[in-house]
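I need the structure of the sequence given here:
(2 chains)
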Number of protein chains: 2
Amino acid sequence: MIIGGGFGGLDAARALAGAPVRVTLFDRHNYHLFQPLLYQVATASLSPGDIASPIRWVLRHQQNVQVLLADARAIDPSARRVTLDPGPGISYDYLILATGAAHSYFGHPEWAARAPGLKTLDDALEIRRRVLLAFEAAERERDPQAQRRLLTFVIVGGGPTGVELAGALAEIARQSLRQDFRSIRPESARIILLEGGPHVLATFPATLQRAARASLARLGVEVRTGSVVTNVDEQGVQFGGEHISAQTVLWAAGVAASPLARSLGVPLDRAGRVLAEPTLRVPGHAEIFVVGDVCALRQDDRPLPGVAQVAKQEGTHAARNVARAIRGEPVLPFRYRDFGNMATIGRGSAVADFGRITVSGFFAWLVWIFIHIFWLIGFRSRFVVLGEWAWAYVTFQRRVRLITGDRLRPDSP
Amino acid sequence: MIIGGGFGGLDAARALAGAPVRVTLFDRHNYHLFQPLLYQVATASLSPGDIASPIRWVLRHQQNVQVLLADARAIDPSARRVTLDPGPGISYDYLILATGAAHSYFGHPEWAARAPGLKTLDDALEIRRRVLLAFEAAERERDPQAQRRLLTFVIVGGGPTGVELAGALAEIARQSLRQDFRSIRPESARIILLEGGPHVLATFPATLQRAARASLARLGVEVRTGSVVTNVDEQGVQFGGEHISAQTVLWAAGVAASPLARSLGVPLDRAGRVLAEPTLRVPGHAEIFVVGDVCALRQDDRPLPGVAQVAKQEGTHAARNVARAIRGEPVLPFRYRDFGNMATIGRGSAVADFGRITVSGFFAWLVWIFIHIFWLIGFRSRFVVLGEWAWAYVTFQRRVRLITGDRLRPDSP
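Presented below is the predicted three-dimensional model:
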């Protein structure tokens, strides 16, 4: 049994192709999501269909896999059973847990409604709706102070997601919407990126951090490092001694592993991840493996980062260990091969860290495009997304500026 | 003031380009929707972004137009004011009402939750979700009778929308999903089209009605004419003495004009449309014009049909009459030029009625594609949609099979 059809779960299922096992993969969405491009759905560049594929379609040729749409609620490791919703409990011989992580609101779950995170397609559509509704409300608004608040966008968290969101929002305001309004000047919007630590892109080398910050400044993003958010209220955001009045607050900080990990009854780290053995096994449960963001593992005295590449490699490795265990062979420790880290900052700019080589600017952006297109599932998506990007680059337009859902006010629940 | 950014309202705004007027266009969606292709979003062939464009983007170069996102709640013709939500009331000198129509549930509004109609993007996404969730639930289900009910799809209404939905659903079941499931055979799904009258496509010539029926039969759609629905309950649909047990019921019958028309206090027809003067003026209100599905007009002793072409021509005509009235010239009566009617029935088949010429089959389908591509707003959408269709034709696949929204059961509210 595999729970989760993200990067880890999907690669685990694929690695079991041809193995003498029956695989059941559960996910609470019917699609596999290419999360690195999710911010482009949130910022109206790509459609959901461009970056998501039905899991059962991806695995349609693999006859030993059945895909089921269901939410796993709890694991009973002693009975080797998983409780599902909807559906009855299901037993397993081996379990690969790949349920990922959500954002952590630093012990303030009540901020979530005011400051949505970006983990699912529905999150992305909600962010797109809020951003577009804020511009619409500003166009209707007569009071300059209220207009100002509607045109202020705060992004909390200066990791890759926060940086990419801020860059894309700046481009929407400065370029895509320029001709469309009569009462407001969209290019006057304030976009503020708050980071608690001393630098944006904390996991990147210092040269790339500086390059990213310079790119953000060129786009007119106000970057405030050392700014720990202490409150998110109806009016805006409080950090340090300062309060910013903003209609739209987006959350791209903190990580909290899937709550399913707790039901295993084994030690977790502070983010709720399972402290796995080097083989990806759960201590005390030889038949359970954890991969991706729900797994905490250290390598060379540093924690493995929560990125797609780690999840994919762990998924494949866990599946191979399951196959080894079934054949009666010893399971092997996992070793992560780091191919590099990247982030884009708006149009024509990116940073890329390949260990000994680091690049920034336009060339890094081309590399970023090439790698992300290559990674997308299916020739079809690659072709469409490449076309969208080429079009957007030439026209400065964002095609998918649609407000779906029934609400007309940016502040209605 | 123009209320409504559909075919009628948008063409009215465009016809006022260069006129010495200030135009404000209100819509409760931020997008203009190409409704003739909406069924392709509902059946996972196209993304919302392929058939919808932000109204303010479409009109961005027309400096005398301001577009505002708001819902018009009531018109006070004596005060020449419109009540908006959100926002204060706004006064007008001339008003073009183009708010369209919704489905009519024959006096049973309680059926709407069980049998959604297809008028907005959100409707289309809801239908897509229900159809895909039904297949997912069937794959989980063990009881054959319950599985049968989950794989039964009833479409009420044999007009173009109902016929196109039925054809597309049949293709999903017979082709697109064929390899994706392990416990069910999607091609065994029952698709039933219920029509109260004696023929499907009632407004088309008899030869084309027969051709459409034959095409539906080839796709395995059960067409039941003379079947007036008397109840929609939790289990399924009642018509005549028969009850069909079906999880998914889709509504494509009846027309009820926008309730805004009632606030004018003038005579309406049974569907709630304003009985307009031949000039499209509202009787007794020289400064109000009605166009599209909210306007009832007869020509050559027959009512004008509720199609996009009528709305577009009326929109343009109403705008020109407003310009004439401002210049002190007499307003002119409207005359509809009928360029023909079309409907598709699945892959590679359509019917087209051009008055003296009628065609059906593959050639009609090519004509249908050509005309609909030509009509779409923006070179961009034309290019993308043509690409999608070519891809789908070659691969039999539907790209956008995504279930968004949080529900995992097809029957949860």
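
all contacts plus neighbour counts: C-alpha atoms, from now on.
Noted.

can you list the residues of the stretch 301-413 of chain A near chain B?
By the rule CA under 8 Å from any CA of the partner chain, the part of the stretch 301-413 of chain A lying against chain B is A:R399, A:V400, A:R401, A:L402, A:I403, A:T404, A:G405, A:L408, A:R409.

where does chain A dip in pLDDT?
Applying pLDDT under 70 to chain A picks out residues A:379-380, A:406-408, A:411-413.

That one - how does it break down into domains?
A:2-28+A:70-103+A:255-326, A:109-253 (automatic domain parsing).

Output those domains in JSON lines; the columns should cover mean neighbour count.
Listed next are those as JSON lines, based on neighbours: other CA atoms under 10 Å in any protein chain shown:
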{"stretch": "domain A:2-28+A:70-103+A:255-326", "mean neighbour count": "20"}
{"stretch": "domain A:109-253", "mean neighbour count": "20"}
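
So what's the residue count around A:G348?
15 (other CA atoms under 10 Å in any protein chain shown).

Next one: it relative to chain B, how far apart?
According to CA to the nearest CA, to the nearest Å, A:G348 stands 22 Å off from chain B.

where along chain A do the helices fall?
For chain A, applying DSSP state H gives helices covering A:7-15, A:38-42, A:48-51, A:55-58, A:121-140, A:144-150, A:160-171, A:206-218, A:308-326, A:362-375, A:379-395.

mind listing what the closest residue to A:S258 other than its chain neighbours touches?
Distances taken as CA to CA, 6 or more residues apart in numbering or on different chains place A:A101 nearest to A:S258, at 4.9 Å, with adjacent residues excluded. Applying CA atoms under 8 Å, 6 or more residues apart in numbering or on different chains, we find A:A101 in contact with A:V255, A:A256, A:A257, A:S258, A:D293, A:V294.

dump the residue contacts of A:R298.
Shown in contact with A:R298 (CA under 8 Å, 6+ apart): A:L304.

hang on, the earlier thing: now flag whichever of the contacts of A:A101 is closest to chain B.
Lowest distance from chain B to the contacts of A:A101 (CA to the nearest CA) belongs to A:S258, with 16.5 Å.

So the closest one sits against A:V294, correct?
Yes - counting by CA atoms under 8 Å, A:S258 does reach A:V294; the two are 6.3 Å apart.

Touching both of these two, which residues are there?
Taking CA under 8 Å, 6+ apart as the contact rule, the neighbours common to A:S258 and A:V294 are A:T99, A:G100, A:A101, A:G272, A:R273.

For A:I288, see how far away A:G220 is.
For A:G220, the distance to A:I288 equals 48 Å [CA to CA, to the nearest Å].

Equivalent analysis for A:A261, please.
Applying CA to CA, the value for A:A261 to A:I288 is 11 Å.

cool, and A:P20?
Counting by CA to CA, the gap from A:P20 to A:I288 is 18 Å.

what do you get for A:E139?
Noted for A:E139: a distance of 55 Å to A:I288, by CA to CA.

repeat for A:K312
Separation of A:K312 from A:I288 (CA to CA) stands at 17 Å.

Please apply the same query to A:R224.
Here A:R224 is placed at a distance of 43 Å from A:I288 (CA to CA).

what does the stretch 101-250 of chain A have sitting close to chain B?
With CA under 8 Å from any CA as the criterion, the stretch 101-250 of chain A meets chain B at residues A:L121, A:D122, A:E136, A:A137, A:E139, A:R140, A:Q179, A:D180, A:F181, A:R182.

Pick the one among the residues you listed closest to chain B.
Distance to chain B, by CA to the nearest CA, is smallest for A:D180 among these, at 4.9 Å.

Spit out the contact partners of the closest one.
Applying CA under 8 Å, 6+ apart to A:D180 gives the contacts B:R56, B:W57, B:L59, B:R60.

wait, what's in contact with the third one?
Pointing back at B:L59 there. Residues in contact with B:L59 (CA under 8 Å, 6+ apart) are A:D180, B:R14, B:V65.

OK, contacts around the closest residue to the last one other than its chain neighbours?
Of all residues beyond its chain neighbours, the one nearest B:V65 is B:V23 (4.6 Å), with distances taken as CA to CA, 6+ apart. Taking CA under 8 Å, 6+ apart as the definition of contact, the neighbours of B:V23 are B:M1, B:I2, B:A13, B:L16, B:N64, B:V65, B:Q66.

In strands only, show me these.
Judged by DSSP state E, these include B:I2, B:V65, B:Q66 as members of strands.

returning to what we had before: need the helices of chain A in CSV with distance to B:P303, can you?
Below are those laid out as CSV (distance: least, CA to CA, whole Å):
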stretch, distance to B:P303
helix A:7-15, 56
helix A:38-42, 44
helix A:48-51, 40
helix A:55-58, 47
helix A:121-140, 38
helix A:144-150, 47
helix A:160-171, 49
helix A:206-218, 59
helix A:308-326, 60
helix A:362-375, 53
helix A:379-395, 43
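
How about the contacts made by the closest residue to chain B within the stretch 301-413 of chain A?
Closest contact between the stretch 301-413 of chain A and chain B, by CA to the nearest CA, is at A:V400 (5.0 Å). Residues near A:V400 by CA under 8 Å, 6+ apart: A:A44, A:S45, A:L46, A:S47, B:G49, B:S53.

change it to 10 Å
Neighbour list for A:V400: A:40-48, A:128, B:31, B:47-50, B:52-54 [criterion: CA atoms under 10 Å, 6 or more residues apart in numbering or on different chains].

Just the buried ones from those residues, in PyMOL syntax?
To isolate the buried subset of these in PyMOL, counting by 16 or more other CA atoms under 10 Å in any protein chain shown, use the following:
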select buried, (chain A and resi 40+41+42+43+44+45+46+47+48+128) or (chain B and resi 31+47+48+49+50+52+53+54)
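
Surely A:D76 is in contact with A:S263?
Yes - look at A:D76 against A:S263 with CA atoms under 10 Å: they come within range, at 7.1 Å.

what sits in contact with each of those two?
Residues touching both A:D76 and A:S263 by CA under 10 Å, 6+ apart: A:V82.

export the domains of chain A to JSON lines and tack on distance to B:R335?
Below are those laid out as JSON lines (distance: least, CA to CA, whole Å):
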{"stretch": "domain A:2-28+A:70-103+A:255-326", "distance to B:R335": "54"}
{"stretch": "domain A:109-253", "distance to B:R335": "34"}
